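[1] fold the following for me, if possible:
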Amino acid sequence: MKKIIASLAFLLVIQFCNAQDARIDSLFLAFKSWNFEGAVKNAKSELVNYQKEIIPQLIKLLTNTNYSKLGNADWLMYPGTNEIKMTHGYIIPYELDWISVRAGWLLEELTFKDFGYSTLPSYTYSEIMESFFAPGAKKITEMKWKNRLTKKQIIQHRYVLAQKVKKWWQQKQENWTRVSAIKEALLSNNEKRQLTALNYLQNSETKCDNLKVLYSTEIRPAVISLKQASNENIKRFVEMYLQDDKDLGHIESL
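    Numbers count the residues shown, from 1 in each chain. Here you go, the predicted structure:
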């Protein structure tokens, strides 16, 4: 009887793993599609919840040569769209039409690393909002990008960045966790990483194992240390954040 129960348990585990693998494959297929609102955005949010498990597949995509021009993205501004026709929506500073860069976008958000996949916008989101609503403000109608690469440069740059990521993962894969990545980002000297981590702590609904357990002892002290940051935007962000995190309510579901 014990052997039969053990066999059944083993079969259930195999079935669960196969179902999970099939789900991940389905999500990656949606993530690589042209349909931003109908597929890409939702697939990305769900993929992040698999945390460490999807990093090897993301790394494989970093050398993908496919170009998939996004559609159904009326509220999205990214390098590939220039006209600002919105008063709310998304600014995503990545060349999302390239599958390799799209994978880099997901990877950087998941790991809170700055591997070099983003493109800097000329205007911040708040500046764009002010241009729409501030009395007498000059309306910004075109989104420009400071360091946008050409098609040829993206193709060449993709392989350089992919090798950088592979080397990082070879060193980190055994002990990497998403919660340790948040702490590392907060304590780094990289403002982009710090802001990504702070924004996650304030707004994200994606999973981070053990965040609630380690928040008070490791994550919150790292946030507090940024009160001494040289970047005024980060200091203001931290001050407002710390005013609202008296309990763990905003961490409960992550």
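
[2] list the buried residues for the helix or strand where residue 158 lies?
    Assigned by DSSP states H and E, residue 158 belongs to helix 151-172. For helix 151-172, burial by neighbour count (16 or more other CB atoms under 10 Å) applies to 154, 157, 158, 161, 162, 165, 169, 172. Just so you know, the C-beta spots here come from the backbone N, C-alpha and C atoms, and that holds for glycine as well.

[3] skipping its backbone neighbours, what lies nearest the second one in space?
    Residue nearest to residue 157 in three dimensions, not counting chain neighbours: residue 149, with 6.2 Å by CB to CB, 6 or more residues apart in numbering.

[4] same question for the fifth one.
    Distances taken as CB to CB, 6+ apart place residue 62 nearest to residue 162, at 3.9 Å, with adjacent residues excluded.

[5] check contacts around that neighbour.
    Applying CB atoms under 8 Å, 6 or more residues apart in numbering, we find residue 62 in contact with 100, 103, 104, 107, 158, 161, 162, 165.

[6] where's it relative to residue 251, distance?
    Remark: distance between residue 62 and residue 251 (CB to CB, to the nearest Å) = 31 Å.

[7] can you check residue 160 too?
    Taking CB to CB, one finds residue 160 at 37 Å from residue 251.

[8] same check, this time on residue 107
    Following CB to CB, the distance that separates residue 107 from residue 251 is 23 Å.

[9] over to residue 32?
    Counting by CB to CB, the gap from residue 32 to residue 251 is 32 Å.

[10] and the nearest residue to residue 112 once chain neighbours are set aside, how many residues sit next to it?
    Nearest residue to residue 112 in three dimensions, chain neighbours excluded: residue 185, at 3.7 Å (CB to CB, 6+ apart). For residue 185, the neighbour count with other CB atoms under 10 Å is 22.

[11] pLDDT at residue 185, what is it?
    Note for residue 185: predicted pLDDT of 97.

[12] who touches the helix or strand where it lies?
    According to DSSP H and E, residue 185 maps onto helix 178-186. Residues outside helix 178-186 that contact it (CB under 8 Å, 6+ apart) are 51-52, 110-113, 193-194, 196-198, 200-201, 207-211, 214, 218-219, 222-223, 225-226.

[13] and those residues, which of them are buried?
    Buried among the contacts of helix 178-186 by 16+ other CB under 10 Å: 51, 110-113, 193-194, 196-198, 200-201, 208, 211, 214, 218-219, 222-223, 226.

[14] which of these fall in helices?
    Those of the buried ones among the contacts of helix 178-186 mapping onto helices are 110-111, 193-194, 196-198, 200-201, 211, 214, 222-223, per DSSP state H.

[15] just give me the closest of the residues you listed to residue 78.
    Of all those, the one with the least separation from residue 78 (CB to CB) is residue 196, at 16.4 Å.

[16] the closest one touches residue 110, doesn't it?
    No: counting by CB atoms under 8 Å, residue 110 is not a contact partner of residue 196; they are 10.2 Å apart.

[17] please enumerate the helices of the protein.
    2-31, 41-48, 55-61, 99-111, 125-133, 151-172, 178-186, 191-203, 211-214, 220-225, 232-244.

[18] format these as a markdown table; extra columns: distance to residue 118.
    Listed next are these as a markdown table, based on distance: least, CB to CB, whole Å:
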| stretch | distance to residue 118 |
| --- | --- |
| helix 2-31 | 18 |
| helix 41-48 | 15 |
| helix 55-61 | 16 |
| helix 99-111 | 7 |
| helix 125-133 | 14 |
| helix 151-172 | 11 |
| helix 178-186 | 14 |
| helix 191-203 | 7 |
| helix 211-214 | 24 |
| helix 220-225 | 23 |
| helix 232-244 | 16 |
